[in-house]
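Enquirer: Have a look; sequence and predicted model below, questions after that.
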Amino acid sequence: MGLKRWALAMALGVGALLLSSAGGETFHHPQLNSRYYRLKLWHMSVSVPHGWTLTAATRTNATTTWTVTGTAGTLQLSSTPLQPLGNAEQILPMQPGTGAAIPTGSSPYQTTSLTYHEHQFAEQVLSRNGTLYTLTLDMAPLPIRSPIAQHIIGSWKHAPRISVSEAVHRLQHLQYWYYDQFPDYSQSFANPRDGWILVGAQPAGPQESFYLFQTASGGRTWRLERYTIWQGCLTGSHPMQCNFLHSAGSVSMLFWNARDGAIVQMEFPTQRLAAWMTDNGGRTWQVSHIPVYGSRPLAGVRMARRDGRLTLTMLFMGSHARLREAEEHGRWVVMS
């Protein structure tokens, strides 16, 4: 049987979107006695059984979504290009939807999940150019582990996934050109080789996720050192893996050597500062809190270190006050 050929053009207001399977491949699955063909959609493609057809192609804001429907299920593919003035947060790492930690050895820019009694599968991948690709497959009542579902999922192709270093370089560029998109962004280099970047996501009420990146190559390569984990972190026990920033509020970070550093955060909605300290390059942190007295709200906080003393300058609306670390660790005193 010859290749099935089809084409669909849909006006999107700023041009036309052309989809075509011409030149695609048709093949046979020995276990299912079913024929498949490859569907090409912009920079993505996926193999679906004959009888599955493209039933919708919609565009909402910057996201284009294609819906493919068959007798055994529904497949949706979407593409969201990076828009620095609108969705720069898209460059931040992805965490599993359960709030758990990113699996060891996995990329922080690709995540998968099973939902609805394992009938639905979802996967997201961030590409090197910042485009977010999503695949959602609903096979109810068939399980996702069925051969048809596994074939569709395994056949999905998209642009190459972004690396942590590539993502950080984009964050640096976006922070420089579009600072308002990253109000909680701080960078510190202890020397020409060792550096850290701390980035916060958009706050959700009193909560905010933070991501700490570290380089030992002067910024050529980066790795994700630490990040906020929500699962089990608000129960009062605060297990070790939760010992990192999780309150909303602007931050300032300073490292004075490859091991020792501090992050100071204006916590919301409390009128206090959280001072996080590390002595192992950012792998673990200990926090102490500094009450802030006065009726005027904080406008910002800065850090400096001189003669072995860490000085904080709190900026209030219309004035400022300075504090320094006392001899006893964790105690802070107001400077005259």
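Expert: Happy to help now that I have it. Residues are numbered from 1 along each chain as shown.
Enquirer: For the rest of this, base every contact and every neighbour count on C-alpha atoms.
Expert: OK.
Enquirer: contacting residues around the residue lying closest to L198 once chain neighbours are set aside?
Expert: In space, and not counting its chain neighbours, L198 is closest to L212: 4.5 Å by Cα to Cα, 6 or more residues apart in numbering. Contacts for L212 were tallied using Cα atoms under 8 Å, 6 or more residues apart in numbering; they are W196, I197, L198, V199, L224, E225, R226, Y227.
Enquirer: average pLDDT for the helix or strand that contains L212?
Expert: Assigning secondary structure by DSSP states H and E places L212 in strand 210-215. Mean pLDDT, strand 210-215: 96.
Enquirer: how far does stretch 76-84 stretch from start to finish?
Expert: The first residue of stretch 76-84 is 25 Å away from its last residue (Cα to Cα, to the nearest Å).
Enquirer: Just the buried residues of that stretch, please?
Expert: Q76, L77, S78, S79, T80, P81, L82, P84 (16 or more other Cα atoms under 10 Å).
Enquirer: Please tell me how far the strand holding L212 is from the chain's geometric centre.
Expert: Relative to the mean C-alpha coordinate of its chain, strand 210-215 is positioned 12 Å out (Cα atoms, centre = their mean, to the nearest Å).
Enquirer: what does stretch 310-318 give?
Expert: In terms of Cα atoms, centre = their mean, the gap separating the centre of stretch 310-318 from the centre of its chain is 31 Å.
Enquirer: Same check on stretch 100-110?
Expert: In terms of Cα atoms, centre = their mean, the centre of stretch 100-110 is set 11 Å apart from its chain centre.
Enquirer: Okay, and which of the buried residues of stretch 76-84 map to helices?
Expert: Using DSSP state H, no member of the buried residues of stretch 76-84 sits in helices.
Enquirer: any chance of those in a markdown table, plus pLDDT?
Expert: Shown next, in a markdown table, are the buried residues of stretch 76-84 (pLDDT from 0 to 100):
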| residue | pLDDT |
| --- | --- |
| Q76 | 97 |
| L77 | 98 |
| S78 | 98 |
| S79 | 97 |
| T80 | 96 |
| P81 | 95 |
| L82 | 92 |
| P84 | 79 |
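Enquirer: Show me the two of the residues you listed that sit farthest apart.
Expert: Using Cα to Cα, these span at most 25.1 Å, a distance reached by Q76 and P84.
Enquirer: In strands, which of the contacts of L212 appear?
Expert: Using DSSP state E, W196, I197, L198, V199, L224, E225, R226, Y227 are the members of the contacts of L212 that sit in strands.
Enquirer: The fifth one reaches Q214, doesn't it?
Expert: Yes: in this structure, L224 sits in contact with Q214. The criterion is Cα atoms under 8 Å, and the distance is 6.5 Å.
Enquirer: neighbour-wise, which of those two wins?
Expert: Q214 (26 against 18; other Cα atoms under 10 Å).
Enquirer: Was I right to think the more buried one contacts R220?
Expert: No: at 10.7 Å, Q214 does not count as touching R220 under the criterion of Cα under 8 Å.
Enquirer: how about the spatially closest residue to T215 that is not a sequence neighbour, what does it touch?
Expert: Spatial nearest neighbour of T215, chain neighbours left out: W222 (4.7 Å); criterion: Cα to Cα, 6+ apart. Counting by Cα under 8 Å, 6+ apart, W222 makes contact with V164, S165, V168, F213, Q214, T215, A216.
Enquirer: go again using 10 Å as the cut-off
Expert: With contacts defined as Cα atoms under 10 Å, 6 or more residues apart in numbering, the neighbours of W222 are 163-169, 195-197, 213-216.
Enquirer: hmm, back to that, quickly list what's touching both of L224 and Q214.
Expert: S165, V168, W196, I197.
Enquirer: can I get those residues in a markdown table with pLDDT?
Expert: Below are the shared contacts of L224 and Q214 laid out as a markdown table (pLDDT from 0 to 100):
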| residue | pLDDT |
| --- | --- |
| S165 | 98 |
| V168 | 96 |
| W196 | 98 |
| I197 | 96 |
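Enquirer: most neighbours, which of these?
Expert: W196 (27 neighbours).
Enquirer: Got the domain ranges for this protein?
Expert: 7-155, 183-334 (automatic domain parsing).
Enquirer: Save the ones you listed as a markdown table, and put in distance to Y176 too.
Expert: Shown next, in a markdown table, are those (distance: least, Cα to Cα, whole Å):
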| stretch | distance to Y176 |
| --- | --- |
| domain 7-155 | 11 |
| domain 183-334 | 10 |
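Enquirer: Parallel or antiparallel, which strands does the strand holding L212 pair with?
Expert: The strands beside strand 210-215 in its sheet (DSSP bridges) come out as strand 195-200 (antiparallel), strand 223-227 (antiparallel).
Enquirer: Just name the most buried of those.
Expert: Across the strands paired with strand 210-215, averaging neighbours per residue (mean count of other Cα atoms under 10 Å) puts strand 195-200 on top, at a mean of 24.
Enquirer: gap between that one and the chain center?
Expert: In terms of Cα atoms, centre = their mean, the centre of strand 195-200 is set 13 Å apart from its chain centre.
Enquirer: Alpha carbons of it, as CSV, please.
Expert: Extracted C-alpha coordinates of strand 195-200, given in CSV (Å, rounded to 0.1, in the frame of the first residue of the first chain):
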residue,chain,number,x,y,z
GLY,A,195,30.6,31.1,40.8
TRP,A,196,26.9,30.7,41.7
ILE,A,197,23.7,31.9,40.3
LEU,A,198,20.4,31.9,42.3
VAL,A,199,17.1,32.4,40.5
GLY,A,200,13.6,32.4,41.9
